[in-house]
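S.K.: The sequence isn't on hand, but the structure is:
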């Protein structure tokens, strides 16, 4: 008998047994489509029961001023769209009002009418659907042409095994500057990059997903999200200018957190997640969209030529966008204020700009490398990339209904207010209250993953409370950023969670929701604890959160 055959199998650690158990339990759950059908039915029944018991909550909320709108028709639409003024109302126009949120039953006359009349609109207004279809036009072409695979080979060539994980995670964190593109581009890229160097592609998915979703709230740069969160914070602060903050109020904390979170997520990936996954077995692979490793083989000379063409095409697109943006009075500037960042056509066009960049680069690479011969190949790649999304689009239909029903019922608002009331009545120090903000945000994130929607609900509760306690609004916002992101990677209500499940199934055909949850749970636990400790240390030391934004008032 050989020595290797006689060697006993290594015993599983407690953590491995726990995560494997979570994976088995999670994968026993029904198909995600059936799961969301059940969740829809549950919301309908629970909302009606809570309505009968007259469950409600009183809270303060920021109300926006009424603005005149005009009806116009976009593209081939047959229904008009209300378009408001491009310039935002001044802060003085916003008011903080006391309102009462009461749970609305979905089996009342009003609720039943909503169930029947909103079904199509719920799906049409679910932005993840249109975003993924548009982005896949460019990304699908670039992937089929072989550009993604070529870029991965370049990335791997300049990275060691340890730095590859860090680069993937860091790119995921800073990808929030480009809205949702990180979910669609970076996560499958992470899987292919890991697979290309003989590492488990599921570890690449986990590292990229952790960076994109768990680190979403911070960045090296000021992002579109910062503008909205700042505006909501100032609205909740009231009319006193001394309590208002600017866009850079959390800049230093964002930069420090980006570096810290990237290091923590990298260590979790390399020390906990990847060792548990072990070596990848290609026999486990399932069916799915074409990926980078399935693209046509090309010679080094053809690849170099294709990359050169792709670079020229990318520079041409970026030069065109720059001409449409940077020149005073350019079309992609805000026509009233001239701004580029914030409420501007440029920021509203980021998804299209990303699509055009990938499309032009992929087409140029394909022509240079010889992997795309004509227009027929281009149309075939787009059709194939869209057809691979069919089951996901049906799932999005059901998710859109669940989210709409949940929002209509007001259950989320009532729950958030109740949690805020509990925090307000706790007689503890400011540090513990700020930790309470983080913990409550964790809980709310499980049912309201959207950062803006969450803060619009929580800011009017927390900001006035902490101003009365002498805690600066920028400090409360920094605490919210810590609580906003970590749980994104384990809540099925996050719009792109089902898409990541599809990515996982590409490499493990038996995978399900439980597989992804068990894969990402170490990130949630470790990052949550570490980031809270980082925030507390920052607060106690008294490091400014941004230019002119002290952590203490």
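M.R.: It's in. Please read all numbers here as calculations on a predicted model, not as lab measurements.

S.K.: Report how many residues lie close to the nearest residue to residue 161 once chain neighbours are set aside.
M.R.: Counting by C-beta to C-beta, 6 or more residues apart in numbering, residue 161 lies nearest to residue 197, which is 7.1 Å off, once chain neighbours are set aside. For glycine as for every other residue, the C-beta is placed from the backbone atoms N, C-alpha and C. Neighbours of residue 197 under the rule other C-beta atoms under 10 Å: 16.

S.K.: which residues of the protein fall in strands?
M.R.: 56-63, 70-72, 81-83, 95-102 (DSSP state E).

S.K.: now the residue nearest to residue 161: how far from residue 163?
M.R.: 12 Å (C-beta to C-beta, to the nearest Å).

S.K.: cool, and residue 111?
M.R.: Residue 111 is 54 Å from residue 163, by C-beta to C-beta.

S.K.: Of those two, give the one with the bigger neighbour count.
M.R.: Set residue 111 next to residue 163 and count neighbours by other C-beta under 10 Å: residue 111 wins out with 19 against 12.

S.K.: just to revisit the earlier point, of the strands of the chain, which shows the lowest average pLDDT?
M.R.: If you rank the strands of the chain by mean pLDDT, strand 81-83 sits at the bottom with a mean of 48.

S.K.: excluding its backbone neighbours, what's nearest residue 125?
M.R.: Nearest one to residue 125, counting by C-beta to C-beta, 6+ apart, is residue 400 at 7.5 Å.

S.K.: burial count for the one you found?
M.R.: Around residue 400 there are 24 residues (other C-beta under 10 Å).

S.K.: In this structure it contacts residue 123, no?
M.R.: Yes - counting by C-beta atoms under 8 Å, residue 123 is a contact partner of residue 400 at 4.8 Å.

S.K.: Could you name every residue contacting both of those two?
M.R.: Shared contacts of residue 400 and residue 123, defined by C-beta atoms under 8 Å, 6 or more residues apart in numbering, comprise residue 129.

S.K.: Distance of residue 264 relative to residue 185?
M.R.: Counting by C-beta to C-beta - residue 264 and residue 185 are separated by 23 Å.

S.K.: Now for the closest residue to residue 245 other than its chain neighbours, how many residues are close by?
M.R.: Distance criterion C-beta to C-beta, 6+ apart; nearest residue to residue 245, sequence neighbours excluded, is residue 474 at 4.8 Å. Neighbour count for residue 474, taken as other C-beta under 10 Å: 26.

S.K.: Please look at residue 474 and residue 547 and confirm they touch.
M.R.: No - assessed by C-beta under 8 Å, residue 474 is found out of contact with residue 547, at 10.8 Å.

S.K.: what pLDDT does the residue nearest to the spatial centre of the chain get?
M.R.: Nearest to the geometric centre of the chain sits residue 213, at 4.7 Å (C-alpha atoms, centre = their mean). Per-residue pLDDT puts residue 213 at 91.

S.K.: What of residue 246?
M.R.: 80.

S.K.: how far away is it from residue 474?
M.R.: 9 Å.

S.K.: Need the residues touching each of these two.
M.R.: Contacts common to residue 246 and residue 474, judged by C-beta under 8 Å, 6+ apart, are 546, 549.

S.K.: that older thread, nearest residue to the residue nearest to the centre of the chain in space, ignoring adjacent ones along the chain?
M.R.: residue 488 (4.0 Å).

S.K.: measure the one you found to residue 387 for me?
M.R.: 28 Å.

S.K.: When these two are compared, which one has more neighbours?
M.R.: Just comparing residue 488 and residue 387: by other C-beta under 10 Å the higher neighbour count belongs to residue 488, 27 against 9.

S.K.: Would you check that that one makes contact with residue 214?
M.R.: Yes - with contacts counted by C-beta under 8 Å, residue 488 reaches residue 214, the gap being 6.1 Å.

S.K.: buried ones in stretch 545-553?
M.R.: 545-546, 549, 551 (16 or more other C-beta atoms under 10 Å).

S.K.: Show me what stretch 315-327 is in contact with.
M.R.: Here stretch 315-327 has contacts from 330-333, 340, 346, 353, 356-357, 360-361, using C-beta under 8 Å, 6+ apart.

S.K.: quick one: buried residues of that stretch?
M.R.: For stretch 315-327, using 16+ other C-beta under 10 Å, the buried residues are 317, 321, 324-325.

S.K.: now stretch 430-444
M.R.: Buried residues in stretch 430-444, counting neighbours by 16+ other C-beta under 10 Å, are found at 433-442, 444.

S.K.: Next up, the contacts around the residue nearest to the centre of the chain.
M.R.: Residue 213 neighbours (C-beta under 8 Å, 6+ apart): 172, 183, 485, 488-489, 494, 496.
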